[in-house]
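Colleague: this one's structure only:
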């Protein structure tokens with residue numbers, strides 16, 4: 001491992017990690033609130049408060065398996081240094097800002113994974129990669145939106161059959177209430193999976209500097225700091241991406257919003273318990289497309305959905321490239 005980092009610089013690097021977590025909440029706020037806003041169940045300012053609260057308390061419901069995967073399962077923790085972490089965070093942050101500015105619902109999660117991979121490759125090459133964890137994460141790029149799609153599609157069909165004899169007004173009124181539940185569940189899943197990624201980054205940094213007593217674990221103060229940063233980011237919201245997610249892909253009513261959020265939440269719960277760092281963006285997009293396709297195939301704007309898929313595919317290598325460039329550039333000043 002590299003030489004021990006001066007304590008003020010260590011604090012500064014942790015602050016950069018928390019800034020990424022804040023940006024993650026800002027960037028992915030749309031995932032938590034897009035459906036409940038687009039169905040007009042809640043106004044945006046109240047929706048972000050609702051989502052931020054459940055983002056924060058998510059650590060009470062899940063273990064820290066995703067944090068362990070990010071900390072030790074993407075690149076070898078023994079090659080981690082402050083420079084590796086700095087480059088990984090810069091790759092993820094810059095890609096997040098670029099996609100946020102253009103309103104592209106790309107994955108903050110895979111930007112961070114790409115940043116780690118790029119920094120690891122720049123330092124020691126392919127021997128830095130933990131292939132099992134990386135392949136599991138890459139596989140989730142495909143599986144999480146597919147599972148979200150299928151669950152949401154099944155829920156729409158099941159709910160439509162159950163409420164077939166109800167009037168449209170009665171169905172709408174019922175699901176306006178139930179959407180509070182589904183939005184809460186989705187925000188829990190978002191906070192449970194996404195905040196843990198930054199926990200893993202900070203924990204492996206502390207481990208590399210000898211602050212964890214020789215064994216990798218996530219201290220409670222790291223957990224609370226990351227949940228707070230993500231909740232604050234969600235509170236500030238990401239309105240450009242809300243518009244894309246909530247209305248441009250397909251139009252939603254409260255029943256469809258409930259099915260999309262519940263399908264996405266179930267997918268995130270399963271992935272978090274399995275320790276798989278999935279993309280909340282991928283998951284909710286797949287679920288929204290699923291409820292749109294349940295109406296009719298033409299209800300989904302497939303051209304826009306295709307552009308989003310391209311952004312997903314580009315995210316990991318783009319963040320990796322930015323991260324590697326930062327590692328090489330910073331090496332001249334080290």
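Modeller: That came in fine, so what should we check first? Predicted model, so just to flag it, every value in this text is computed and none were measured.
Colleague: any idea how far residue 225 is from residue 67?
Modeller: 12 Å (CB to CB, to the nearest Å). For glycine as for every other residue, the C-beta is placed from the backbone atoms N, C-alpha and C.
Colleague: So between these two, which is more surrounded?
Modeller: With neighbours defined as other CB atoms under 10 Å, residue 67 and residue 225 compare such that residue 67 has more, 29 against 20.
Colleague: And stretch 218-227, how far out from the chain middle?
Modeller: How far stretch 218-227 lies from its chain's middle: 17 Å, per CA atoms, centre = their mean, to the nearest Å.
Colleague: which residues touch it?
Modeller: Outside of stretch 218-227, the residues within contact range by CB atoms under 8 Å, 6 or more residues apart in numbering are 18, 21, 55-59, 64, 67-68, 71, 191, 195-196, 198-200, 202-203, 206, 212.
Colleague: Isn't residue 51 up against residue 188?
Modeller: No: applying CB atoms under 8 Å as the test, residue 51 and residue 188 come out as separate, 9.7 Å apart.
Colleague: more neighbours, those two?
Modeller: Higher neighbour count among residue 51 and residue 188: residue 51, with 31 against 24, using other CB under 10 Å.
Colleague: Check what pLDDT that one gets.
Modeller: pLDDT for residue 51: 82.
Colleague: The one 4 residues further on too?
Modeller: We have a pLDDT of 86 for residue 55.
Colleague: again with residue 6
Modeller: As predicted, residue 6 sits at a pLDDT of 70.
Colleague: residues near it, how many?
Modeller: Neighbours of residue 6 using other CB under 10 Å come to 10.
Colleague: Could you do residue 216 as well?
Modeller: 17.
Colleague: May I have the phi/psi pair for residue 64?
Modeller: The phi and psi values for residue 64, taken as degrees, to the nearest 10, are phi -120, psi 40.
Colleague: hang on, isn't it packed against residue 202?
Modeller: No: Residue 64 lies out of contact with residue 202 (CB under 8 Å); the separation is 12.0 Å.
Colleague: for the strand or helix carrying residue 321, which positions count as buried?
Modeller: Assessed by DSSP states H and E, residue 321 sits inside helix 302-331. Counting neighbours by 16 or more other CB atoms under 10 Å, one finds that the buried residues in helix 302-331 are 305, 308, 311-312, 314-316, 318-327, 330.
Colleague: same thing with stretch 220-234?
Modeller: 222-223, 225-234.
Colleague: possible to save the residues you listed as TSV with distance to residue 112 and pLDDT?
Modeller: Listed next are those as TSV, based on distance: CB to CB, whole Å; pLDDT from 0 to 100:
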residue	distance to residue 112	pLDDT
222	15	95
223	17	94
225	16	95
226	12	93
227	16	92
228	18	93
229	14	92
230	13	88
231	18	87
232	18	88
233	14	85
234	17	80
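Colleague: hmm, back to that, from the chain's centre, how far out does the helix holding residue 321 sit?
Modeller: 15 Å.
Colleague: ditto for stretch 39-48
Modeller: The answer for stretch 39-48 is 20 Å, by CA atoms, centre = their mean.
Colleague: now the end-to-end length of that stretch.
Modeller: End-to-end distance of stretch 39-48 (CA to CA, to the nearest Å): 15 Å.
Colleague: With stretch 124-137 instead?
Modeller: 21 Å.
Colleague: what is the mean pLDDT for it?
Modeller: For stretch 124-137, the per-residue pLDDT averages 92.
Colleague: Whichever strand or helix holds residue 281 vs helix 302-331, what angle?
Modeller: Assigned by DSSP H and E, residue 281 belongs to helix 280-295. Interaxial angle, helix 280-295 versus helix 302-331 (axes from the mean of the first three to the mean of the last three CA atoms, to 10 degrees): 170 degrees.
Colleague: now for helix 280-295, which elements pack on it?
Modeller: If you count contacts as 3 or more CB pairs under 8 Å, 6 or more residues apart in numbering; DSSP states H and E, helix 280-295 packs onto helix 7-38, helix 131-162, helix 168-208, helix 254-274, helix 302-331.
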